[in-house]
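Participant: fold the following and give me the result.
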Amino acid sequence: MRHDRLVLTLLWREVLAGLRSMRRRDLAWIALGGGALLTYAVADIVIALRGAAAALRQAQMLWTLGLPVALLCLGGLAGSALAGLCLSRAYAPFLTALPLSSGERRRMAVVAAFVLAIPLALVVAAAVGLGCAVIAKPLAPAWGFGAAILFGIGFALAAGWRLRRDYESTNSEAAALVVETGARRPLLHAFDRSTPAWLASWAWGLPAGYVRPSWRLIGASILLGLAASLAAAASFIHASAVPAAMAALTGGLAVFMLSARFHPLGSPVLRTAPLGFARAWLRLVRLPLQLSVAFFLLPAGAAMAAEPSAWAMPLASGFWLLALNGAYAVFAAYFMTAPFVAALSFLSAIAYTSYESLEYGRTVLIGFAALVLFLWHRAQQRYRHG
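Facilitator: Numbers count the residues shown, from 1 in each chain. As a prediction, this is how the structure comes out:
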């Protein structure tokens with residue numbers, strides 16, 4: 001029982017170490033600039049909610065189905081992400097010297113995950129309750145409390161299901177796979193052997209390029225394939241390139257975000273090698289970009305076939321996909337050890353830029369480009385100087 005808080009302690013030490021590694025000027029920029037942007041965003045949301053208050057109060061489907069489902073899904077995503085984070089710390093290689101059984105390590109991960117869920121549930125309750133108060137929805141505190149309950153249910157289901165898996169046995173099975181397939185050529189042999197060799201395999205935690213089928217890989221492949229097929233079918237039925245082109249863009253970006261990993265950029269082994277930041281970054285981008293483009297080609301080809309005269313739409317989607325993939329790769333390189341934070345920051349920046357572009361036009365993209373350049377510079381400095 002005395003080790004139950006070890007994962008929480010590790011996470012807290014990591015946060016403190018990350019803050020200490022940043023310069024005070026950068027912390028000030030993040031605190032002041034981020035606080036100002038957050039205040040502005042909250043003010044915009046409040047104004048929008050007040051403008052649509054009457055319609056929102058009368059939208060019965062939103063309150064009976066839409067909001068509960070969204071809260072359950074949000075809780076599920078948060079539960080899965082936090083459970084994976086806590087499991088990775090509980091089974092960290094440097095803890096193997098401790099006399100801890102697999103059950104004790106899982107219990108440490110459970111304690112950490114559900115302790116971290118409490119502030120998230122409070123934030124969700126406050127956001128929903130304040131939103132209901134802004135639109136004058138009756139029983140706003142009760143709605144906030146109910147939102148926290150639904151979020152907690154989704155979190156508990158997803159986290160509990162993921163925490164049941166034995167993380168240690170997964171690693172041992174992956175190691176056994178190398179022994180079993182020692183004479184066979186790795187699946188990623190043709191894609192991951194250029195200098196530095198096996199860098200993408202390192203980022204994915206694969207043993208020398210061997211890909212082991214798993215329920216997550218199979219489920220994601222089925223889900224993405226089904227989405228691409230439905231979008232292609234919709235384009236053919238309506239003779240319109242829009243559904244397939246949009247699916248190609250969003251699906252390709254999702255594939256890139258799910259497969260991109262940049263934590264090797266923080267390794268002293270890679271940083272002390274005679275390898276520049278740009279080259280290491282490009283090597284880590286290469287394989288996820290190939291997967292993203294491979295997914296993009298199917299619905300984009302269906303869009304071209306469904307409406308040949310609208311060939312410019314899938315072409316523009318391809319250019320936007322490359323631009324968004326590059327932008328996310330910069331975010332992921334900056335938040336190199338926290339892909340969830342990188343994805344959340346990137347999606348928030350995209351959503352905020354899209355919202356502001358409705359009022360100020362495409363000139364807002366200059367600010368987004370400046371942010372990407374700033375993050376690139378900071379990631380490069382961290383790679384060079386630690």
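Participant: can you tell me the average pLDDT over stretch 76-92?
Facilitator: Stretch 76-92 comes out with an average pLDDT of 85.
Participant: to clarify, my last question referred to stretch 349-360.
Facilitator: The average pLDDT for stretch 349-360 rounds to 80.
Participant: residues in contact with His3?
Facilitator: For His3, the contact set (C-beta atoms under 8 Å, 6 or more residues apart in numbering) comprises 98, 100, 104, 108. C-beta here means a position set from N, CA and C on the backbone, and glycine is covered the same way.
Participant: hmm, I typed the wrong one, I wanted Leu139.
Facilitator: Residues in contact with Leu139 (C-beta under 8 Å, 6+ apart) are Cys132.
Participant: how near is it to Gly129?
Facilitator: Applying C-beta to C-beta, to the nearest Å, the value for Leu139 to Gly129 is 10 Å.
Participant: kindly report the same for Ala81.
Facilitator: As judged by C-beta to C-beta, Ala81 and Gly129 stand 24 Å apart.
Participant: what of Gly326?
Facilitator: 39 Å.
Participant: which of the contacts of His3 sit farthest apart?
Facilitator: Greatest spatial distance among those (C-beta to C-beta): Leu98 and Met108, at 10.4 Å.
Participant: for the stretch 101-250 of the chain, which segments count as strands?
Facilitator: Shown for the stretch 101-250 of the chain, no strands are assigned by DSSP state E, counting those that start in this stretch.
Participant: quick one: low-confidence parts of this structure?
Facilitator: Where the chain drops to pLDDT under 70, the residues are 1-2, 21-22, 165-198, 206-217, 219, 386.
Participant: just checking the distance from the helix or strand hosting Arg25 to the centre of its chain.
Facilitator: Taking DSSP states H and E as the definition, Arg25 sits inside helix 24-51. Relative to its chain's centre, helix 24-51 lies at 22 Å (C-alpha atoms, centre = their mean, to the nearest Å).
Participant: what packs against that helix?
Facilitator: Secondary-structure packing of helix 24-51 (3 or more C-beta pairs under 8 Å, 6 or more residues apart in numbering; DSSP states H and E): helix 102-134, helix 339-360.
Participant: would TSV of the ones you listed with mean neighbour count and distance to Gly367 be doable?
Facilitator: Rendered in TSV, the data for those read as follows (neighbours: other C-beta atoms under 10 Å; distance: least, C-beta to C-beta, whole Å):
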stretch	mean neighbour count	distance to Gly367
helix 102-134	18	25
helix 339-360	15	7
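Participant: out of those, nearest to Ala52?
Facilitator: Closest among the helices and strands packed on helix 24-51, once you apply C-beta to C-beta, is helix 102-134, at 10.4 Å.
Participant: can you check what angle separates the closest one from helix 24-51?
Facilitator: Here helix 102-134 runs at an angle of 50 degrees relative to helix 24-51 (axes from the mean of the first three to the mean of the last three C-alpha atoms, to 10 degrees).
Participant: how far is helix 102-134 from where the chain is centred?
Facilitator: 18 Å.
Participant: and the residue lying closest to Ala200 once chain neighbours are set aside, what helix or strand is that in?
Facilitator: Among residues not flanking Ala200 along the chain, Leu287 sits closest, at 4.2 Å (C-beta to C-beta, 6 or more residues apart in numbering). Leu287 belongs to helix 277-306 when elements are defined using DSSP H and E.
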